[in-house]
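Participant: Show me how the following folds:
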Amino acid sequence: MTARWIKWALIASLAVNVAVATAVIGAMLTGEPIMHDDRRGFGGPPEIAALSRGLDRDARRALFMALRADGGLGDGRARMRTAQAVVVDALRAEPFDRAAFETAMRMQRDLQGEIAGRGITMLGKVIADLSVEDRVALAEHLSRPRTRK
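Facilitator: Numbers count the residues shown, from 1 in each chain. Predicted structure coming up:
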């Protein structure tokens, strides 16, 4: 009786291990990130993130290397945190200064636009190096409806 129970426990354990391994391998083969939050490497402006998800691994790597190499983008996160802190300070100010809040929001938007503009330039360079077939595949990727995970 005990040997039969152990046999079924081992079979169930093997099935769970196979299911987990299949999920991990499937995620790696599709190129989709396992984590689905802003820290997964596809953050940033949505127009760049959407296109980067459609690139193959080599093109995506080239894009991220170009983004990291760009001096103006290297400190982008720190600059965005500083801009966000200015907005937070404006919200906490007593009395509330609407003009200061709107100015802080506009400065944050302008910074986002600057960073996105540089990213779009880098993305354009990477896409210009793609073959016609790869660009068509990217267009097909973008034309498919996305579902929330």
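Participant: how about stretch 62-69: buried residues?
Facilitator: For stretch 62-69, a neighbour-count test (16 or more other CB atoms under 10 Å) marks Ala62, Leu63, Phe64, Ala66, Leu67 as buried. Bear in mind the C-beta positions are built from the backbone N, C-alpha and C, glycine included.
Participant: And for stretch 97-110?
Facilitator: Phe101, Ala104, Gln108.
Participant: quick check, nearest of the buried residues of stretch 62-69 to Gly54?
Facilitator: Nearest to Gly54 among these: Leu63, at 11.1 Å, using CB to CB.
Participant: Okay, and which of the buried residues of stretch 62-69 map to helices?
Facilitator: Ala62, Leu63, Phe64, Ala66, Leu67 (DSSP state H).
Participant: Please, which helix or strand holds the closest residue to the first one other than its chain neighbours?
Facilitator: Excluding the flanking residues, the one nearest Ala62 by CB to CB, 6 or more residues apart in numbering is Val126, at 5.3 Å. Taking DSSP states H and E as the criterion, the element that holds Val126 is helix 98-128.
Participant: if we can go back for a sec, just the buried residues of stretch 97-110 now: which is nearest Arg146?
Facilitator: Checking the buried residues of stretch 97-110 against Arg146 by CB to CB gives Gln108 as the nearest, at 26.4 Å.
Participant: next structured bit after the least confident helix or strand in the chain by mean pLDDT?
Facilitator: Using mean pLDDT, DSSP states H and E, the weakest-scoring helix or strand in the chain turns out to be helix 2-30, at a mean of 59. Downstream of helix 2-30, the next assigned helix or strand under DSSP H and E is helix 46-54.
Participant: Run through the neighbouring helices and strands of that following helix.
Facilitator: Here helix 46-54 touches helix 57-69, helix 98-128, helix 132-143, going by 3 or more CB pairs under 8 Å, 6 or more residues apart in numbering; DSSP states H and E.
Participant: Quick check: buried residues in it?
Facilitator: Buried residues in helix 46-54 (16+ other CB under 10 Å): Ile48, Leu51, Ser52, Arg53, Gly54.
Participant: Which residue ranges make up each domain of this protein?
Facilitator: Under the assignment automatic domain parsing, the domains of the chain span 1-30, 41-143.
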